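Enquirer: next one to model:
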Amino acid sequence: MAPRLIAIDNADDPGIAEFRDIRERDLTGRHNRFIAEGTVVLRMLAEAHLMGGDFAAEKVLLLRNRVDGVADILERLPEDVPVYVAEADVLDRIVGFHLHRGVLALGRRQPQGGALIDRLPERSLVLVGCGISNHDNAGSMFRNAAAFDADAIFLDETSCDPLYRKAMRVSVGSVLSVPYQRGGDAVELLTQLAERDFGIWTLSPRGEVDIRSIPASERMALVVGTEGEGLPQAVLSRFRSARIPQSPGLDSLNVATATGIALFAMSSTAKRI
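Expert: Next comes the predicted model:
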């Protein structure tokens, strides 16, 4: 096993300070560091670290009886990534609640140089989120984007941070594999995409075009809004809109479900080019 195992018997050990009381004190927003939880997400983080992309692992904290089960993942981590191991009672005191998964890692985001928008391939499908404040929905959007080969996700400044522990878990680690950018005004971002020949399609229950009838183009952007209020009028009034046909009387679909359906339709359209 490449990383060295370090036994932790004291919940106040300074080596694991970042994992302490994580329910009340998530690391999101603190110098691009975050908590990854669960075997699947740890595997994705190790892979991202190995590939030298935007993410790296700083340290790992495991329940002692989970070590053998993740040994193959630990082998893929560099030797300088410490792996701390604790019994259940100590681990519970560290994190502040009973952690059934028993697998945690501290990760760091270190974005590559240059704007993401300028690194997109000539044929691209991107997802844009405006005001996505629910972490479950954010995580599901990343999972959908990974499933349907979206090249990137752009989140405006009013959207939540996808590095939040729950969003990361719901995404099954896809936050670590789908390139993304968060920040800025939605209209300005969409204008920049349009200037780079992206066909901008907002998703609305009252959209003008059936999502299955969107004309194929080499560059397409799907724009989704928050639950309830949907997309702001400033966005809807500037760009074309599409709808997912559904039964009469139903106002709208959950944004996570709608994103999956729409990305499937748009990726199928893109493949016809």
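Enquirer: low-confidence stretches in this structure?
Expert: Low-confidence segments of the chain, defined by pLDDT under 70: 1-3, 23-30, 97-100, 251, 270-273.
Enquirer: so where do the strands sit in the chain?
Expert: Taking DSSP state E as the criterion, the chain carries its strands at 5-7, 33-37, 55-63, 83-86, 103-109, 124-130, 152-155, 180-182, 199-203, 209-210, 219-225, 240-243.
Enquirer: pretty sure Gln192 contacts Ile117?
Expert: Yes - if you go by Cβ atoms under 8 Å, Gln192 and Ile117 touch, sitting 5.9 Å apart. (C-beta placed from N, C-alpha, C; glycine too.)
Enquirer: what's the local residue count around the residue lying closest to Ser177 once chain neighbours are set aside?
Expert: Nearest residue to Ser177, sequence neighbours excluded (Cβ to Cβ, 6 or more residues apart in numbering): Ala146, at 5.9 Å. Around Ala146 there are 20 other residues, counting by other Cβ atoms under 10 Å.
Enquirer: can you check Glu79 too?
Expert: Using other Cβ under 10 Å, Glu79 is surrounded by 9 other residues.
Enquirer: could you measure from it over to Gln112?
Expert: According to Cβ to Cβ, to the nearest Å, Glu79 stands 24 Å off from Gln112.
Enquirer: so what's Leu63 bridging to?
Expert: Going by DSSP bridges, Leu63 is paired in beta bridges with Ala86.
Enquirer: and it, how many neighbours?
Expert: For Leu63, the tally of surrounding residues (other Cβ under 10 Å) stands at 20.
Enquirer: pretty sure it sits against Ile94.
Expert: No - between Leu63 and Ile94 no contact is recorded; they are 10.6 Å apart, counting by Cβ under 8 Å.
Enquirer: report the set of residues contacting both of those two.
Expert: Ala86 (Cβ atoms under 8 Å, 6 or more residues apart in numbering).
Enquirer: what sits closest to Gly173 if chain neighbours are left out?
Expert: Gly173 sits nearest to Met44 (Cβ to Cβ, 6+ apart), 3.0 Å away.
Enquirer: how many residues are close by that neighbour?
Expert: By other Cβ under 10 Å, 24 other residues sit near Met44.
Enquirer: surely it is in contact with Ser177?
Expert: Yes - counting by Cβ under 8 Å, Met44 does reach Ser177; the two are 6.3 Å apart.
Enquirer: the spatially closest residue to Met141 that is not a sequence neighbour: what's it in contact with?
Expert: Distances taken as Cβ to Cβ, 6+ apart place Thr259 nearest to Met141, at 5.1 Å, with adjacent residues excluded. Residues near Thr259 by Cβ under 8 Å, 6+ apart: Leu127, Ser140, Met141, Asn144, Ala145, Leu203, Leu222, Val224.
Enquirer: and the helices in the stretch 1-150 of the chain, which stretches?
Expert: 39-51, 71-74, 88-95, 135-147 (DSSP state H, counting those that start in this stretch).
Enquirer: buried residues of the first one, list them for me.
Expert: Neighbour counts using 16 or more other Cβ atoms under 10 Å place Val40, Val41, Leu42, Arg43, Met44, Leu45, Ala46, Glu47, Ala48, His49 of helix 39-51 among the buried residues.
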